[in-house]
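K.L.:
this one's sequence-less:
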C-alpha cells in the first residue's frame, strides 16, 4: 500500500482521503516504510506557469485593496511597474546576456544626452518589460521577493497558501 503523507513540523499526516481510509484499515502492529521526497522536475527553460501568474495578479490585487496607509491608493499597474523595477530588473541584469549591455549603453546616454533623455528611454524599457518572458525559476524568485515585501510592509494577503507553495517552489 502507498500512502501520501504531508509533513507538518515533526509530524507526518496522511495527505488524502483515499490513503486515510486505507490507513484506518491497517491492523495494530509495526510497519516499516520508506519516506521519499516528491521529485520536483526542474524546468529552467520553461516560461512562468499559470499558477505563478495567478498568484502574482492576486497579490497585486490585494496590494491595490490594502488599507496599509502608506501603501493605500496605488493601483495594480503601479505595483506591477514598481516590482518590475525593484525585482525583475536585478534578476535580468544578473542572468541575461543582453540586459547588462543595454543598461551599460543607457548609462552612456545619461552621460552624453542628459537625464531627461535617459529617463524617457529607461521608462520605455521598463514599460516594455514583460513578466511573461521570465522562466519558472526566475518568476519564483520574483514572487518570493514580492511576498517578502508584502510581509515586511504588513500587507495581509488573501491568497491561498497552497497556491503560494505551488508558485514559489522552484526557488
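P.N.:
Looks like it came in fine. Treat the numbers as computed from the prediction; the structure is a model and nothing was measured. Numbers count the residues shown, from 1 in each chain.
K.L.:
show me what counts as buried in stretch 142-152.
P.N.:
142-147, 149-150 (16 or more other C-beta atoms under 10 Å). (C-beta placed from N, C-alpha, C; glycine too.)
K.L.:
biggest separation within those residues, which pair?
P.N.:
142 and 150 (13.1 Å; C-beta to C-beta).
K.L.:
low-confidence regions, the chain specifically.
P.N.:
1-45, 170-171 (pLDDT under 70).
K.L.:
any idea how far residue 53 is from the spatially most central residue of it?
P.N.:
In the chain, the residue lying closest to the centroid (C-alpha atoms, centre = their mean) is residue 143, at 2.2 Å. Separation of residue 143 from residue 53 (C-beta to C-beta, to the nearest Å) stands at 10 Å.
K.L.:
ok, residue 141 next?
P.N.:
Residue 141 is 15 Å from residue 53, by C-beta to C-beta.
K.L.:
what does residue 90 give?
P.N.:
Relative to residue 53, and taking C-beta to C-beta, residue 90 is found at 20 Å.
K.L.:
higher neighbour count, the two?
P.N.:
Counted by other C-beta atoms under 10 Å, residue 90 and residue 53 do not tie: residue 53 has more neighbours, with 16 against 13.
K.L.:
assign that one to helix, strand or coil.
P.N.:
helix (DSSP: H, G, I helix; E, B strand; the rest coil).
K.L.:
what does the longest helix seen in the chain contact?
P.N.:
The residue-count maximum for a helix in the chain (DSSP state H) belongs to helix 136-153. If you take C-beta atoms under 8 Å, 6 or more residues apart in numbering as the criterion, helix 136-153 is touched by 42-44, 46-49, 52, 55-56, 59, 62-63, 68, 71, 83, 86-88, 91, 95, 131, 134, 157, 164, 167-171.
K.L.:
drop anything exposed from the residues you listed.
P.N.:
48-49, 52, 55-56, 59, 62-63, 71, 83, 87-88, 91, 131, 134, 157, 164, 167-168, 170.
K.L.:
inside helices: which ones of those?
P.N.:
52, 55-56, 59, 62-63, 83, 91, 164, 167-168.
K.L.:
what's the closest of these to residue 123?
P.N.:
Looking across those and measuring by C-beta to C-beta, the closest to residue 123 is residue 83, at 15.5 Å.
K.L.:
so how far is residue 127 from the closest one?
P.N.:
Counting by C-beta to C-beta, the gap from residue 83 to residue 127 is 14 Å.
K.L.:
same deal with residue 80?
P.N.:
Residue 80 is 10 Å from residue 127, by C-beta to C-beta.
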